[in-house]
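Visitor: Sequence first, predicted coordinates after that:
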There are 2 protein chains.
Amino acid sequence: MTSITITDVAERAGVSIKTVSRVLNSEPNVREDTRAKVLGAVKVLNYRPNYAARALAGSRSYLIGLYYDNPSPSYVGEVQYGAVKACRETGHHLLVEQIDGEKDTWRTQVESLLRQVKVDGVVLSPPVCDRSPVLDVLEEQKIPFVRIAPAGDWDRGPYVYMDDKRAARDMTAYLLSLGHRRIGFVKGHPEHAATQARLAGFTQALTEAGVPLDPAYVQGGAFTFRSGFGAAERLLNLPLPPTAIFASNDEMAVGVMAVANRMQLNVPRDVSVVGFDDAPIAQSVWPQLTTVRQPVVEMAEAAAAMLIQPRASPPGTRSRMLEFALIVRGSAAPPPLA
Amino acid sequence: MTSITITDVAERAGVSIKTVSRVLNSEPNVREDTRAKVLGAVKVLNYRPNYAARALAGSRSYLIGLYYDNPSPSYVGEVQYGAVKACRETGHHLLVEQIDGEKDTWRTQVESLLRQVKVDGVVLSPPVCDRSPVLDVLEEQKIPFVRIAPAGDWDRGPYVYMDDKRAARDMTAYLLSLGHRRIGFVKGHPEHAATQARLAGFTQALTEAGVPLDPAYVQGGAFTFRSGFGAAERLLNLPLPPTAIFASNDEMAVGVMAVANRMQLNVPRDVSVVGFDDAPIAQSVWPQLTTVRQPVVEMAEAAAAMLIQPRASPPGTRSRMLEFALIVRGSAAPPPLA
DNA sequence: GACTTGAAAGACAGCGTTGTCACCTAACGT
DNA sequence: ACGTTAGGTGACAACGCTGTCTTTCAAGTC
């Protein structure tokens, strides 16, 4: 397993190793024909620079960190997918770390991670992107980072996000356009940032349409199936139940559908149900869920890409907003004729 | 950011760097008091060895690779979770790589990955664990690997798995014990290894109980919601429909439940439905799904752990079987009285 | 034609570890 | 008492790159 090193390439190309290094790192002051010779040797020998040596000698490491902490496995899976995708295109690699435990250990955790292996930047997925001790360390050590869908502290580093409020507004407007006037809303977990934004979008749409908001139609939830189930029971047992229910994530929407089914209400004929996220489950229920697609994979990919080529983002455009999409499937229809 | 190096530790402890290295790597021939001095200095200085230098100089890298290729995001998320868990306990780190594209590119992909960054071992999650070009490269380069739930080639390296057949048999036996005699079965994707095993377990249980197997009760599926939906339509429209349906994964089981609901059949009163995997979705339907819990996180954790401490597994015990669990929730009940 | 200049390329010293080998010392055998 | 041995320790050279500094060389300049 004597692997091919930069020396082999240099010999074959008839140049010094430093010149090979220059070519590989796209440094200036290399003549075109020299560059070609080197590139030729690289190709023939199928040379791949050794990461450890690069990291040790230079300032870059070609390693991108992904810090997460157990939200749903499928969310993590999607984030990872997007990040890996961005990395492999540029020869970077993804180092995944979980930042968990108590709040007061986060700082130390991150510090020792960074000490052990140098990374060129780190992608912070929720909820880690909102842990200030983590941001502190990263800022102190001047390690570039990009946050995915942060909940606050918008001045701390670049981030990628989507417009939750506008998405919720659009979805509500869609329900209104179908003819619904009595629309129930199931809120998310009170501590999650998206909860407020989505509710705000909902109320905004109602206001814009001149439809009064009945407080009884807004029920608390916690982003779980069970909480959606509970909220739907309250909503559908109201004297004048809503003709449509907008649950602020898919998990809860599925809970709502379950209640409707048990109450012999046909979805969408008797009651429309819509969700938010376009989680895998949205397609695993019948009827399939009309929902808002969150561009999770794209956000992760964009985040990693921003770390890899910071040049691509002109100053001032540090953060990126990605577009959501309204996915119309079968769970919403016009309200039953009164 | 002048970080603390082994030299600092050596100075503070009044020994040579080599001795520090010995202590850190638990090498023999270090006096107890010397070891204590070094450990003390390490603690005071909060020293963390630099990964890149270790990898470059030595034979170990403290990096574990995880090769995957897009099964469901939640599966990947769980595998990753388990692997990270095992890694962090021993100061290792997880490098995640996706092996995708065409069959004939796999070899090159893996080769160049390994060339770039040295890993101490790699965890192969399905379906990558069954791609022989990948195994070829790993074997040639003598890189330890552990496969998670491989579909075949059981002599190629150690693996972790669960007994799909026995699990399916137990689940079927459970259904029989409830009193069911007409049990439908929805097969998985024909190319997936688990498909055969699960079917075999199903038939074995029937045979053991002396219940004849009606071929019409075994329907093809593909591990997707839609395929479960289709299979259930065929099953429940039979002249003498089954009183219970065993779908060989949860996704399909949920499809079966959807059909039952649409046909005004109450689950589990009119028809029992059970699944396999204990995917997140199993708890996001009503009634919640009775299913077999696949120890995905544990398998990934065990796989990574086997790479990290190969000593722990005595020769001959190269592979590990992990226990499944029958998760009884609300979707199965005794059959309706004929 | 000698002199300046800047682009192109090379020499060489690290980077922070581990591997190898040499060295020292105390305990052992005879 | 003296070689022998093995445990304990240190010196120093890799490992494969990049950073810094130096050298070379061809093209201008007056």
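Guide: The structure has been received and is ready for your questions.

Visitor: quick one: contacts of whichever strand or helix holds A:L66?
Guide: Per DSSP states H and E, A:L66 falls inside strand A:63-68. Around strand A:63-68, the neighbours that count as contacts under C-beta atoms under 8 Å, 6 or more residues apart in numbering or on different chains are A:51, A:55, A:76, A:79-80, A:83, A:87, A:92-99, A:110, A:113, A:117-125, A:128, A:134, A:304, A:307-308, B:96. Placement of C-beta: from N, CA and C, glycine included.

Visitor: These also near DNA strand D: which ones?
Guide: Among those, not one lies near DNA strand D by C-beta under 7 Å from any atom of the strand.

Visitor: residue contacts, A:A52?
Guide: A:A52 touches B:51-53, B:55-56, B:61, B:117-118, counting by C-beta under 8 Å, 6+ apart.

Visitor: Which is the succeeding secondary structure element to the helix or strand containing A:V297?
Guide: In the assignment (DSSP H and E), A:V297 maps to helix A:296-308. As assigned by DSSP H and E, the chain's next helix or strand after helix A:296-308 is strand A:320-322.

Visitor: Would you mark the buried spots in that next one?
Guide: Buried positions in strand A:320-322, judged by neighbour count with 16 or more other C-beta atoms under 10 Å in any protein chain shown: A:320, A:322.

Visitor: what lines up beside it in the sheet?
Guide: With DSSP bridges as the test, strand A:320-322 is paired with strand A:159-162 (parallel).

Visitor: quick one: the nearest residue to A:H180 once chain neighbours are set aside from B:S59, how far?
Guide: The spatial neighbour of A:H180 that comes closest, neighbours along the chain excluded (C-beta to C-beta, 6 or more residues apart in numbering or on different chains), is A:A244 at 4.2 Å. A:A244 sits at a distance of 63 Å from B:S59 (criterion: C-beta to C-beta, to the nearest Å).

Visitor: ok, now A:K18?
Guide: Where B:S59 is concerned, A:K18 sits at a distance of 28 Å (C-beta to C-beta).

Visitor: Before we go further, A:Y174 is sitting in a helix, right?
Guide: Yes. Using DSSP: H, G, I helix; E, B strand; the rest coil, the assignment for A:Y174 is a helix.

Visitor: residues contacting it?
Guide: Contacts of A:Y174 (C-beta under 8 Å, 6+ apart): A:274, A:290, A:326, A:328, A:332.

Visitor: Farthest-apart pair in these, please.
Guide: Greatest spacing in the contacts of A:Y174, by C-beta to C-beta: A:L326 and A:A332 (10.4 Å).

Visitor: Can you classify A:L56 by secondary structure?
Guide: helix.

Visitor: Return the residues of chain A in contact with DNA strand C.
Guide: Within chain A, the positions near DNA strand C by C-beta under 7 Å from any atom of the strand are A:14-19, A:28-31, A:34, A:53, A:56-57.

Visitor: And the buried ones among the contacts of strand A:63-68, selectable in ChimeraX?
Guide: Selection command for ChimeraX covering only the buried members of the contacts of strand A:63-68, criterion 16+ other C-beta under 10 Å:
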select /A:51,55,76,79,80,83,87,92,93,94,95,96,97,98,99,110,113,117,118,119,120,121,122,123,124,125,128,134,304,307,308 /B:96
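
Visitor: Show me the contacts of strand A:63-68 that map onto helices.
Guide: Among the contacts of strand A:63-68, the ones falling in helices (DSSP state H) are A:51, A:55, A:76, A:79-80, A:83, A:87, A:110, A:113, A:134, A:304, A:307-308.

Visitor: could I get these as a markdown table with pLDDT and distance to A:A282?
Guide: Formatted as a markdown table, the ones in helices among the contacts of strand A:63-68 follow (pLDDT from 0 to 100; distance: C-beta to C-beta, whole Å):
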| residue | pLDDT | distance to A:A282 |
| --- | --- | --- |
| A:Y51 | 92 | 39 |
| A:A55 | 93 | 42 |
| A:V76 | 94 | 18 |
| A:V79 | 96 | 18 |
| A:Q80 | 95 | 20 |
| A:A83 | 96 | 23 |
| A:C87 | 94 | 28 |
| A:V110 | 94 | 34 |
| A:L113 | 90 | 35 |
| A:V134 | 96 | 31 |
| A:A304 | 95 | 26 |
| A:L307 | 92 | 30 |
| A:I308 | 89 | 31 |
